[in-house]
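>>> predicted structure and sequence below. I'll ask about it afterward.
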Amino acid sequence: MAGRALSISCLAVATAGSGIAFSGGWRSQTKAPGLHGEFQQREQQQQQQQQQQQQRPQQQQQQQRQQRQQQRPQQQRPQQQQQEQQQQQQQICSLATSHACRPGRPSRSPVLRRSSELARPVEKLENGRKASGLADTATCALCLLCIAVFCYEHVAVVGRAGFPLRSWYLWHDRWFSPTQLLTAVFCHRDYGHLSSNLFGLYVFGRTVEGEVGGLRLLAAFTICGVLANVASLLWMRGHIASLGASGAVFGLFVVATLATFRLEWRSCVRFLVLGQFAFTQVNGEVGSQARVGVDKVAHVAGALAGILAFMVVRCLSFPDYPDFKPNMTPEEVLRAGSFGGTYFRPIFSRTTKKQYGDTVHQEFPSSWFKGLDLATQVTSSRYQVEVNKYRVKSGLKLEHWEASGWMREQDPYGWFQWYCRFFLGRRTRDDQRQVGRWTAAIGPKGRWRTFLVGQCVRQGISWDDPAASPVTRQTLQHWGFALTKSEFERLAIGIRAGKRVAYMGEVIPGKGAGKGVPQKGAVAGKGVGIRKRPAASSSSGSAAQKRRKTMS
């Protein structure tokens, strides 16, 4: 019994101790919730910080995406402008292939029908100056003609038949003949008379020929000589005869003086030297007393005729090609800033299989390049957009034109080289093809002239605003043409009046109309964003298709 009681008491004590321990443990748990909560809050804060750190890159990426989306329109604008410029450039470069007949493909145009025949090599020069020769061919020809006439009259037959060329003199009485107005220019009285005129003709003739070319020198010489003889015939009466090239030479004095004037110090010095000489000669003829055997009227009239002759020779008109009417000379094209300064760069021509250096431009008058930096504006091997007048790139590479079959052996550098030589008087069988290309592109109804006017009218800006299609303006300049106010008004009348004007393969129905407005990025070619003019009727369309089939 005693043992059982002892075990019961021990059990009670253990139970009480466990209760105390349990109660104490519970109390400790109930009293410590603040400390445990702080630990939990810290853990939660750490987890939140970790989550925020993990989310920061995502937020930054989202912000960057939003910024990129906002910047995309601004970045796309210059890219779109570049794409539009490239598309316009491709349109311009594909102009020849779209309007002129390709080699081996017949053309419907009578002007360009012979292009396949001209694909074969043609002579380098015909009836003109050599490409690598001096710029005095016409001058020397005039001098030799005067010498030949003098020798025939005074040396070959003198003593036998007297002076057989007296019918060539300008007679002021009943012996007058209209042809004497020209033939008397090449006749001279004696050797001193011939010598003085030859000196003036050679000095001033070379200057004029170097500036405007051989054909224009001949035109100026003829105009001055004939008008001087006309004035002499009207002023002087009696049984007298006039002869000599003095009137024509005095006219060349004035033409050379006016042709060499530029806003550059060397040209100013040349202008002063030639100008004072011409003024002294004319003033001496007017103010001096009469001398026997000297036709002062012809001298003064020839000088005055030189002003008219200068206006004629500076006018860009070619009687043998009346449709070819550029309004910029080759010198003006170069000085305005063209071809990125690379036109006369060293090249290897696939057409001629020859290497050309940086001296090709030396065949042309040196006055064209005075004041220009040849290394950057003429013979640069790298295309520099800042050299161009409108600060845009225009034109494809030479290899493209060679591969297309448009290059000829006589002009391995292309159209502008042909234009420079044509301007100076050279004529070849390839002229018709080159003039046809210019007429289709830049002529009175040329695509690019009409396209530029349409752009100005649609955008409502001035005709001379460079913001309207600068690539087209630069291309027109490369082809020797700059849009003028009169030409703009002529073409804009039809657009503003509501008439349909076709250009770039599209149709402008007039200002304010909604249909026919050119699409952005339209490229001249087959099936590249072009809305062509609809056929008038099905019958006419079928007839046109039949006609195309028969001609092809």
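Looks like it arrived, so ask away. In this text, all values refer to a predicted model and were calculated from it rather than measured experimentally.
>>> start and end of stretch 438-446, how far apart?
Using CA to CA, to the nearest Å, the end-to-end distance of stretch 438-446 comes to 8 Å.
>>> what is the mean pLDDT for that stretch?
Within the predicted structure, the mean pLDDT of stretch 438-446 is 89.
>>> OK, contacts around the closest residue to I347 other than its chain neighbours?
For I347, the nearest residue in space outside its immediate sequence neighbours is Y356; the separation is 5.3 Å by CB to CB, 6 or more residues apart in numbering. Heads up, the C-betas are built off the backbone N, CA and C, glycines and all. Contact partners of Y356, counting by CB atoms under 8 Å, 6 or more residues apart in numbering, are P346, I347, F348, S349, P412, Y413.
>>> now D295
D295 neighbours (CB under 8 Å, 6+ apart): S232, M236, S242, G244, S246, G247.
>>> what about 6 Å?
Under the criterion of CB atoms under 6 Å, 6 or more residues apart in numbering, the neighbours of D295 are S232, S242.
>>> if I look at it, how far off is Y191?
D295 sits at a distance of 18 Å from Y191 (criterion: CB to CB, to the nearest Å).
>>> swap in H299?
20 Å.
>>> one more: D320?
Distance check for D320 against Y191: by CB to CB, it reads 38 Å.
>>> check A440 too.
55 Å.
>>> between those two, which is the more surrounded one?
For A440 and Y191, the more surrounded residue by other CB atoms under 10 Å is A440, and the numbers stand at 20 against 10.
>>> so that one sits in a helix?
Yes - assessed with DSSP: H, G, I helix; E, B strand; the rest coil, A440 lies in a helix.
>>> burial count for R56?
10.
>>> swap in T359?
A count of neighbours around T359, defined by other CB under 10 Å, yields 11.
>>> report the secondary structure state of A303.
Following three-state DSSP, the label given to A303 is helix.
>>> what's the burial count for it?
Applying other CB under 10 Å, we find 26 residues neighbouring A303.
>>> for it, give its distance to A220.
From A303 across to A220, the span is 12 Å (CB to CB).
>>> and for D320?
Using CB to CB, we find D320 at a distance of 17 Å from A220.
>>> ok, those two, which is more surrounded?
A220 (28 against 9).
>>> so that one touches M311, yeah?
No - judged on CB atoms under 6 Å, A220 makes no contact with M311 at a distance of 10.2 Å.
>>> which one of the contacts of Y356 is nearest to L334?
Of all the contacts of Y356, the one with the least separation from L334 (CB to CB) is Y413, at 13.0 Å.
>>> how much space between that closest one and R426?
If you measure Y413 against R426 using CB to CB, the figure is 14 Å.
>>> low-confidence regions, the stretch 301-450 of the chain specifically.
Scanning the stretch 301-450 of the chain with the threshold set as pLDDT under 70 gives 316.
>>> swap the cut-off to 90 and go again
Within the stretch 301-450 of the chain, the stretches falling below the threshold (pLDDT under 90) are 301-303, 307-323, 325, 331, 363-368, 370-371, 395-406, 423-429, 443-447, 450.
>>> what segments of it are helices?
330-336, 374-377, 398-404, 415-423, 431-442, 447-459 (DSSP state H, counting those that start in this stretch).
>>> so which of those helices is nearest T472?
Counting by CB to CB, T472 lies closest to helix 447-459 out of the helices of the stretch 301-450 of the chain; the figure is 4.8 Å.
>>> which elements pack onto the closest one?
Other helices and strands packing on helix 447-459, by 3 or more CB pairs under 6 Å, 6 or more residues apart in numbering; DSSP states H and E, are helix 470-478, helix 485-496, strand 501-503.
>>> least confident of those, on average?
strand 501-503 (a mean of 44).
>>> just to revisit the earlier point, need the helices of the stretch 301-450 of the chain in CSV (columns: distance to L258).
Compiled in CSV, the helices of the stretch 301-450 of the chain are given as follows (distance: least, CB to CB, whole Å):
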stretch, distance to L258
helix 330-336, 15
helix 374-377, 26
helix 398-404, 37
helix 415-423, 18
helix 431-442, 28
helix 447-459, 30
